[in-house]
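Engineer: mind looking at a prediction? Sequence and model below.
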Amino acid sequence: MSVDLAAVRRIAHLARIGVSEAEIPHLQHEINAILAFVEALGEVDVEGVEPMTSVTPMRLPMRDDVVTDGEIAAKVLANAPLTEDGFFLVPKVIE
Amino acid sequence: MTVQTGNAKLLKGATGDWETVIGLEVHAQVTSRAKLFSGASTEFGGEPNTHVSLVDAAMPGMLPVINRECVAQAVRTGLALKAQINKRSTFDRKNYFYPDLPQGYQISQYKSPIVGEGEIQVDLTPDYAIRVGIERLHLEQDAGKSLHDQSPTMSFVDLNRSGVALMEIVSKPDLRSADEAKAYVGKLRTILRYIGSCDGDMEKGSLRADVNVSVRRPGEPLGTRCEIKNVNSIRFIGQAIDTEARRQIEIIEDGGTIQQETRLFDPARGETRSMRSKEEAHDYRYFPDPDLLPLELDGEWIDALAAFLPELPDAKKARLIADYGLSAYDAAVIVAERETADFFESAVNHGGAQRDAKAVANWLMGDLSAQANAQGVGVADAGLSAASLATLVDLICEGVISGKIAKDLLVMLLGPDRGADPRALVEARGLRQVTDTGAIDAAVGAVIAANPDKAEQARAKPGMLGWFVGQVMKATGGKANPQAVSDALKTRLGL
């Protein structure tokens, strides 16, 4: 598997990462090197092997349906560059 | 009852008939106290950003821990939809950027949902129903809310909804008209409300739908579909489908082709329009959420949830018909809300003796329902207890009051005399109907004597009788038994 220049531009755009046109060939080379590295895994025969989802033998822990958190608006908003009346303010987005 | 899948309700185009094919993705907010993956409250309408934990705000290092009750609600819903419950399901990240999605992804279930295929029976008329297949149900997080009208340059973001649990319920493309789609959402809402997994409050956004619409010539393969996003009322779902089907038919008949795309329904203009901005966002780059292990359920736990499911609407409707002799129509109206059905049964069985179920149903669906609608509440919350409705029906059956007086009595019981005992109120206000034939005959005689001309006309035109009944009722303060009045009039006038 490998990516072409258009795919690199698209991935960058979807990830909202600004990449200059000059950087793209270099990134393409790096991504393809990573893909080639991972591709080595394809040589392992995993027929009939359950996908491993965790390195620890445990089940998904669950919580009771009790309100134990929240009411910390000041903390939630503390790092926001701009707030008003308890809202985050962001540059206007219009559908 | 006739039950079948997808009855063709064809639309007439300029060049022939068209069939509309509809599938719905309903987003139902799970009823729970805390959010899907955090301990923050789900309560509606708090001050902005107060029902938010650091998990919901996606602060670095925060990890999601799933709420057991949200899982239980999804399983209950799956059971009520007669659906496959998957004992193993997984969570995936759906990646997109929007200011009210602080994680940059929504935790959802993509490849392995918690609930698989199921089915709903949707009654279209009392004796005609369709079966609608359920494709899947999965759990996912809601996003926050953006307000765009507070400032010319900024959007305001409130994360109170962020992380609230949603069930996305996907139907198969089994619906063939706007009416069928509306009935399907209505039935789904009823089921969710019965089991208490979603309050179904569309005004608060607890239930909203993405509507997939395509058209085809009858018998042909499926056409290209368009998805109308986020329609938030049953009425608008119907309008959006009709509008979109018409738009597609026109394009194809003019020689064009349908572009698969996401559209928005604008109820004010009665049109759907393209949301081009959403197009490339469709590349969500799903991948398994590394923060969450697979969700594994025990068979015993599922069985326990099944054992505590309430009687569901279809079963209740069948029982009301069998046990109380209700018509299919009356039973369907009464079971639409669980509270109404409970109220009906309490009233019919009040005091241990079963009274005239049809009479109770008529009062419930007639005057009481009208009064409740005027107040904007359900019949069970209009202010009349089931016991009082039972007494009111008893008073009529015993001949103590007429139906006409009962209507007035109901208004008193819902208004100035709220909470009063109907029987005591009848005595206190002297509402007991006059059945004494002597007294009624005297009143009839007086009215005839006062209107000799009209009496003469009535002898020739018996249709005039109604006018006389009205006059006598007026003269007796509405308390005379109307049947007795009519009988006395006929005798006196020789009809």
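Structural biologist: Done, it's in.

Engineer: quick one, helices of the stretch 301-450 of chain B?
Structural biologist: Ranges of helices in the stretch 301-450 of chain B, per DSSP state H, counting those that start in this stretch, are B:313-324, B:328-335, B:338-349, B:357-363, B:369-375, B:386-397, B:403-414, B:422-428, B:437-450.

Engineer: mind listing what residue 70 touches?
Structural biologist: With no chain named, the answer covers chain A. Listed by C-beta atoms under 8 Å, 6 or more residues apart in numbering or on different chains, the contact set of A:Gly70 reads B:Ser38, B:Gly39, B:Ala40, B:Ser41, B:Thr50, B:His51, B:Val52, B:Ser53, B:Asp56. Placement of C-beta: from N, CA and C, glycine included.

Engineer: not quite, go with chain B.
Structural biologist: Each residue near B:Cys70 by C-beta under 8 Å, 6+ apart is listed here: A:Asp65, B:Val30, B:Ser32, B:Leu36, B:Leu139, B:Ala165.

Engineer: switch to 6 Å and redo it
Structural biologist: By C-beta atoms under 6 Å, 6 or more residues apart in numbering or on different chains, B:Cys70 lies in contact with B:Val30, B:Ser32, B:Leu36, B:Ala165.

Engineer: cool, and B:Val157?
Structural biologist: By C-beta under 6 Å, 6+ apart, B:Val157 lies in contact with A:Phe87, A:Phe88, A:Val90, B:Pro99, B:Asp100, B:Gly144, B:Ser146.

Engineer: and the longest helix seen in chain A with chain B, contact?
Structural biologist: Ranked by number of residues, the top helix in chain A under DSSP state H is helix A:24-39. No - Helix A:24-39 lies apart from chain B when judged by C-beta under 6 Å from any C-beta of the partner chain; the minimum separation is 13.7 Å.

Engineer: can you name every helix or strand that the helix or strand that comes right after that helix contacts?
Structural biologist: Later in the chain than helix A:24-39, the nearest helix or strand by DSSP states H and E is strand A:62-63. Using 3 or more C-beta pairs under 6 Å, 6 or more residues apart in numbering or on different chains; DSSP states H and E as the contact criterion, no secondary-structure element is in contact with strand A:62-63.

Engineer: strand partners (parallel or antiparallel) of strand A:62-63?
Structural biologist: The partner list of strand A:62-63 in its sheet, established with DSSP bridges, is strand B:66-67 (parallel).

Engineer: starting at the chain centroid, how far to the strand it pairs with?
Structural biologist: Once both centres are worked out by C-alpha atoms, centre = their mean, to the nearest Å, strand B:66-67 turns out to sit 29 Å from its chain's centre.

Engineer: what of stretch B:484-495?
Structural biologist: Mean C-alpha position of stretch B:484-495 versus that of the full chain (C-alpha atoms, centre = their mean) differs by 48 Å.

Engineer: number of nearby residues for B:Lys145?
Structural biologist: One way to gauge burial is a neighbour count; for B:Lys145, by other C-beta atoms under 10 Å in any protein chain shown, it gives 16.

Engineer: my guess is it contacts B:Asp158. True?
Structural biologist: Yes - applying C-beta atoms under 6 Å as the test, B:Lys145 and B:Asp158 come out as touching, 4.9 Å apart.

Engineer: which residues in the stretch 101-250 of chain B form helices?
Structural biologist: Under the criterion DSSP H, counting those that start in this stretch, helices of the stretch 101-250 of chain B are mapped to B:178-195, B:234-253.

Engineer: next SSE after the longest one?
Structural biologist: Taking DSSP H and E as the definition, the helix or strand that follows helix B:234-253 towards the C-terminus is strand B:262-266.

Engineer: give the buried residues for that following strand.
Structural biologist: B:Thr262, B:Arg263, B:Leu264, B:Phe265 (16 or more other C-beta atoms under 10 Å in any protein chain shown).

Engineer: any idea how far the second one is from B:Val21?
Structural biologist: Distance of B:Arg263 to B:Val21, computed by C-beta to C-beta, to the nearest Å: 16 Å.

Engineer: hang on, the earlier thing: among the contacts of B:Val157, who's most crowded?
Structural biologist: Comparing the contacts of B:Val157 by number of neighbours (other C-beta under 10 Å), A:Phe88 comes first, having 25 neighbours.

Engineer: that one: which element?
Structural biologist: Assessed by DSSP H and E, A:Phe88 sits inside strand A:87-91.

Engineer: list of residues touching that strand?
Structural biologist: Contacts of strand A:87-91 from elsewhere in the structure, counted by C-beta under 6 Å, 6+ apart, are A:Ala80, A:Leu82, B:Pro48, B:Pro99, B:Met154, B:Ser155, B:Phe156, B:Val157, B:Asp158.
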